[in-house]
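>>> no sequence for this one, just the structure:
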């Protein structure tokens with residue numbers, strides 16, 4: 001494992017915004033530097049534990065998503081630093 005300096009709050013906010021801009025929930029295009037390996041991704045219908053699991057599950061779902069969903073969108077309501 002490579003040690004890295006912790007992200008600043010601004011870097012984290014900008015990274016999360018970037019994930020949403022890339023519609024990561026549909027595309028799987030996620031910045032792995034933002035998330036702990038054991039993080040949990042949850043939405044109203046399912047939950048994935050672990051970054052690698054999330055990435056693998058999205059990769060497996062991508063062909064189905066591409067066939068079924070014509071237009072997708074992800075909206076980040078807010079991500080403010082306080």
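Received it, and whenever you're ready, just let me know what you need. Quick caveat: nothing in here was measured; it's all calculated off a predicted structure. Residues are numbered from 1 along each chain as shown.
>>> use CA for all of it now, contacts and neighbours both
Will do.
>>> ok, which stretches of this structure are helices?
Here the chain has its helices, by DSSP state H, at 9-21, 24-27, 51-68.
>>> give the rounded mean pLDDT of the second one.
Meaning helix 24-27. On average, the pLDDT along helix 24-27 is 88.
>>> which neighbouring elements make contact with it?
helix 51-68 (3 or more CA pairs under 8 Å, 6 or more residues apart in numbering; DSSP states H and E).
>>> report the buried residues of the helix it packs on.
Residues of helix 51-68 classed as buried: 51, 53-55, 58-59, 65 (neighbour count, 16 or more other CA atoms under 10 Å).
>>> looking at the helices of the chain, which is closest to residue 81?
Minimum separation from residue 81 across the helices of the chain (CA to CA) falls at helix 9-21, 7.2 Å.
>>> buried residues in stretch 27-35?
Applying 16+ other CA under 10 Å to stretch 27-35 flags 27-30, 34 as buried.
>>> which of these sits closest to residue 13?
residue 34 (9.4 Å).
>>> show me the shaky parts of this structure.
1-2 (pLDDT under 70).
>>> let's see that with 80 instead.
1-4, 82 (pLDDT under 80).
>>> Serialize the buried residues of helix 51-68 to CSV and add fields for distance to residue 72.
Shown next, in CSV, are the buried residues of helix 51-68 (distance: CA to CA, whole Å):
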residue, distance to residue 72
51, 22
53, 22
54, 18
55, 18
58, 14
59, 16
65, 9
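>>> looking at those residues, spot the one nearest residue 7.
Nearest member of the buried residues of helix 51-68 to residue 7, counting by CA to CA, is residue 51, at 17.4 Å.
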